[in-house]
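Chemist: pasting the structure only:
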(Lines give C-alpha, C1' and ligand atoms only; values in the text may rest on other atoms or scores of the structure.)
Protein backbone atom coordinates (compact mmCIF):
# COMPACT_ATOMS: atom_id res chain seq x y z
CA UNK A 1 0.00 0.00 0.00
CA UNK A 2 1.39 3.41 -0.99
CA UNK A 3 1.36 6.28 1.43
CA UNK A 4 0.21 9.59 -0.04
CA UNK A 5 0.98 13.06 1.26
CA UNK A 6 -1.56 15.87 0.83
CA UNK A 7 0.02 19.28 0.30
CA UNK A 8 -1.63 22.44 -1.06
CA UNK A 9 -4.33 20.51 -2.90
CA UNK A 10 -1.88 18.05 -4.47
CA UNK A 11 -1.40 14.40 -3.67
CA UNK A 12 2.15 13.10 -4.04
CA UNK A 13 2.55 9.48 -5.05
CA UNK A 14 6.11 8.79 -3.90
CA UNK A 15 6.35 5.39 -5.58
CA UNK A 16 5.84 7.07 -8.96
CA UNK A 17 7.71 10.26 -8.12
CA UNK A 18 4.72 12.06 -9.58
CA UNK A 19 2.43 14.75 -8.21
CA UNK A 20 -1.28 14.04 -8.73
CA UNK A 21 -3.71 16.99 -8.68
CA UNK A 22 -6.76 16.72 -6.45
CA UNK A 23 -8.88 17.56 -9.54
CA UNK A 24 -7.43 17.05 -12.99
CA UNK A 25 -5.77 14.77 -15.50
CA UNK A 26 -2.69 12.63 -14.90
CA UNK A 27 -0.51 11.55 -17.84
CA UNK A 28 1.79 8.66 -17.01
CA UNK A 29 4.36 6.87 -19.18
CA UNK A 30 5.68 3.42 -18.24
CA UNK A 31 9.19 4.05 -19.59
CA UNK A 32 10.19 7.70 -19.99
CA UNK A 33 13.42 6.93 -21.88
CA UNK A 34 13.43 4.98 -25.14
CA UNK A 35 15.85 3.87 -27.84
CA UNK A 36 14.71 3.76 -31.50
CA UNK A 37 12.07 1.06 -32.00
CA UNK A 38 11.33 0.69 -28.27
CA UNK A 39 7.79 1.27 -26.97
CA UNK A 40 6.15 2.58 -23.83
CA UNK A 41 2.58 2.80 -22.57
CA UNK A 42 0.91 6.20 -22.13
CA UNK A 43 -1.97 6.18 -19.64
CA UNK A 44 -4.33 9.01 -18.72
CA UNK A 45 -6.27 9.08 -15.47
CA UNK A 46 -8.79 11.50 -13.96
CA UNK A 47 -8.60 12.65 -10.33
CA UNK A 48 -11.82 14.10 -8.98
CA UNK A 49 -11.02 15.04 -5.38
CA UNK A 50 -12.63 13.73 -2.22
CA UNK A 51 -15.88 15.75 -2.24
CA UNK A 52 -17.70 13.67 -4.84
CA UNK A 53 -18.76 10.08 -5.37
CA UNK A 54 -17.16 9.18 -8.71
CA UNK A 55 -15.95 10.34 -12.09
CA UNK A 56 -18.74 10.71 -14.68
CA UNK A 57 -17.27 11.98 -17.95
CA UNK A 58 -14.20 13.61 -19.43
CA UNK A 59 -13.62 15.05 -22.89
CA UNK A 60 -10.00 15.84 -23.58
CA UNK A 61 -7.29 15.92 -26.26
CA UNK A 62 -3.78 14.54 -25.88
CA UNK A 63 -1.43 17.11 -27.39
CA UNK A 64 1.96 15.76 -28.51
CA UNK A 65 4.97 17.71 -29.75
CA UNK A 66 5.29 14.98 -32.43
CA UNK A 67 1.62 15.01 -33.40
CA UNK A 68 0.14 11.52 -33.68
CA UNK A 69 3.51 10.16 -34.96
CA UNK A 70 4.51 7.12 -32.90
CA UNK A 71 1.16 6.85 -31.06
CA UNK A 72 -0.82 3.67 -31.77
CA UNK A 73 -3.63 1.51 -30.40
CA UNK A 74 -5.56 4.22 -28.48
CA UNK A 75 -8.23 2.63 -26.27
CA UNK A 76 -10.51 3.43 -23.36
CA UNK A 77 -10.16 1.62 -20.05
CA UNK A 78 -13.22 0.03 -18.38
CA UNK A 79 -15.39 1.20 -16.71
CA UNK A 80 -14.79 4.57 -18.46
CA UNK A 81 -15.74 3.07 -21.83
CA UNK A 82 -19.50 3.51 -21.44
CA UNK A 83 -22.13 4.57 -24.00
CA UNK A 84 -21.20 7.48 -26.27
CA UNK A 85 -17.47 7.28 -25.60
CA UNK A 86 -14.55 7.44 -28.04
CA UNK A 87 -10.83 6.66 -27.86
CA UNK A 88 -10.23 9.68 -30.12
CA UNK A 89 -8.75 10.19 -33.57
CA UNK A 90 -5.20 10.84 -34.77
CA UNK A 91 -4.68 14.51 -35.64
CA UNK A 92 -1.84 16.88 -36.51
CA UNK A 93 -1.54 17.83 -32.82
CA UNK A 94 -1.87 14.35 -31.28
CA UNK A 95 -5.08 12.48 -30.42
CA UNK A 96 -8.26 14.58 -30.53
CA UNK A 97 -11.75 13.94 -29.17
CA UNK A 98 -11.09 11.48 -26.36
CA UNK A 99 -14.46 11.03 -24.63
CA UNK A 100 -14.56 8.72 -21.62
CA UNK A 101 -17.40 8.16 -19.18
CA UNK A 102 -19.61 5.73 -17.36
CA UNK A 103 -23.12 5.38 -16.02
CA UNK A 104 -23.66 5.61 -12.26
CA UNK A 105 -25.80 2.54 -11.69
CA UNK A 106 -25.67 0.89 -8.27
CA UNK A 107 -23.50 -2.19 -8.64
CA UNK A 108 -23.36 -4.36 -5.56
CA UNK A 109 -20.21 -6.16 -4.61
CA UNK A 110 -17.83 -4.17 -6.82
CA UNK A 111 -15.03 -2.18 -5.21
CA UNK A 112 -15.21 1.63 -5.47
CA UNK A 113 -13.48 3.31 -8.39
CA UNK A 114 -9.83 4.19 -7.82
CA UNK A 115 -9.10 7.90 -7.56
CA UNK A 116 -7.51 8.84 -9.91
CA UNK A 117 -9.32 6.50 -12.30
CA UNK A 118 -7.49 5.38 -15.47
CA UNK A 119 -9.60 6.12 -18.56
CA UNK A 120 -7.35 5.97 -21.68
CA UNK A 121 -4.24 4.17 -22.87
CA UNK A 122 -2.05 4.07 -26.00
CA UNK A 123 1.38 2.88 -27.11
CA UNK A 124 4.17 5.23 -28.12
CA UNK A 125 7.00 3.77 -30.22
CA UNK A 126 10.23 5.71 -30.75
CA UNK A 127 11.14 6.22 -34.40
CA UNK A 128 14.18 4.61 -36.00
CA UNK A 129 16.90 6.89 -37.32
CA UNK A 130 17.04 9.43 -34.48
CA UNK A 131 20.49 11.03 -34.82
CA UNK A 132 20.20 13.16 -31.67
CA UNK A 133 18.19 12.90 -28.44
CA UNK A 134 14.79 14.58 -28.43
CA UNK A 135 11.78 14.87 -26.13
CA UNK A 136 8.19 13.97 -26.95
CA UNK A 137 6.19 16.42 -24.83
CA UNK A 138 2.64 15.33 -23.95
CA UNK A 139 -0.10 17.52 -22.47
CA UNK A 140 -3.87 17.49 -22.15
CA UNK A 141 -6.47 20.05 -23.16
CA UNK A 142 -9.77 19.30 -21.42
CA UNK A 143 -13.22 20.65 -22.34
CA UNK A 144 -15.53 18.54 -20.15
CA UNK A 145 -14.88 17.21 -16.63
CA UNK A 146 -18.04 15.93 -14.88
CA UNK A 147 -18.37 14.06 -11.58
CA UNK A 148 -21.27 12.20 -9.96
CA UNK A 149 -22.35 13.86 -6.76
CA UNK A 150 -23.63 10.72 -5.03
CA UNK A 151 -23.97 6.96 -5.35
CA UNK A 152 -26.59 5.71 -7.82
CA UNK A 153 -27.59 9.22 -8.94
CA UNK A 154 -27.50 10.61 -12.47
CA UNK A 155 -26.81 14.11 -11.07
CA UNK A 156 -23.43 15.45 -12.17
CA UNK A 157 -21.41 18.55 -11.46
CA UNK A 158 -18.80 20.18 -13.68
CA UNK A 159 -15.34 20.70 -12.19
CA UNK A 160 -13.84 22.12 -15.40
CA UNK A 161 -12.83 25.36 -13.63
CA UNK A 162 -10.70 23.35 -11.15
CA UNK A 163 -9.00 21.02 -13.62
CA UNK A 164 -5.22 20.85 -13.58
CA UNK A 165 -4.10 19.65 -17.01
CA UNK A 166 -1.77 16.66 -17.21
CA UNK A 167 1.65 16.52 -18.81
CA UNK A 168 4.55 14.12 -19.28
CA UNK A 169 7.53 13.66 -21.58
CA UNK A 170 9.35 10.80 -23.23
CA UNK A 171 13.07 11.10 -23.99
CA UNK A 172 14.14 9.40 -27.22
CA UNK A 173 17.85 8.57 -27.41
CA UNK A 174 19.73 7.60 -30.56
CA UNK A 175 20.85 4.00 -30.92
CA UNK A 176 24.22 3.31 -29.25
CA UNK A 177 27.19 3.73 -31.61
CA UNK A 178 28.00 0.02 -31.44
CA UNK A 179 24.53 -0.87 -32.76
CA UNK A 180 24.78 1.78 -35.49
CA UNK A 181 28.17 0.39 -36.57
CA UNK A 182 26.74 -3.13 -36.55
CA UNK A 183 23.94 -1.92 -38.84
CA UNK A 184 26.46 -0.31 -41.21
CA UNK A 185 28.49 -3.55 -41.22
CA UNK A 186 25.41 -5.62 -42.09
CA UNK A 187 24.55 -3.29 -44.97
CA UNK A 188 28.15 -3.36 -46.27
CA UNK A 189 28.30 -7.17 -46.05
CA UNK A 190 25.01 -7.56 -47.92
CA UNK A 191 26.26 -5.23 -50.69
CA UNK A 192 29.49 -7.26 -51.05
CA UNK A 193 27.45 -10.48 -51.32
CA UNK A 194 25.14 -9.00 -53.95
CA UNK A 195 28.12 -7.96 -56.14
CA UNK A 196 29.66 -11.43 -56.04
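Modeler: Looks like it arrived, so ask away. Nothing here was measured: the structure is a model prediction, and the numbers come from that model.

Chemist: any idea what the residue most central in space within the chain is bridged to?
Modeler: Nearest to the mean C-alpha position of the chain, by CA atoms, centre = their mean, lies residue 43 at 3.0 Å. On the basis of DSSP bridges, residue 43 is bridged to residue 28, residue 121.

Chemist: can you pull out the strands in the protein?
Modeler: 5-7, 10-13, 18-21, 23-29, 33-34, 39-48, 54-64, 71-76, 89-91, 94-101, 117-125, 134-148, 156-158, 167-172 (DSSP state E).

Chemist: could you list the buried residues of stretch 35-50?
Modeler: Buried residues in stretch 35-50, counted by 16 or more other CB atoms under 10 Å: 36, 40, 42, 43, 44, 45, 46, 47, 48. (Each C-beta comes from the backbone N, C-alpha and C, glycine too.)

Chemist: quick one: contacts for the fourth one?
Modeler: By that I understand residue 43. 27, 28, 29, 30, 77, 118, 120, 121 (CB atoms under 8 Å, 6 or more residues apart in numbering).

Chemist: what separation do you get for it and residue 149?
Modeler: Distance of residue 43 to residue 149, computed by CB to CB, to the nearest Å: 26 Å.

Chemist: what is the end-to-end distance of stretch 72-84?
Modeler: Taking CA to CA, to the nearest Å, stretch 72-84 runs 21 Å from one end to the other.

Chemist: my bad, should have said stretch 31-43
Modeler: Start-to-end, stretch 31-43 (CA to CA) is 11 Å.

Chemist: numbering from 17 from now on, please.
Modeler: With the count now opening at 17, the last piece we talked about shows up as stretch 47-59.
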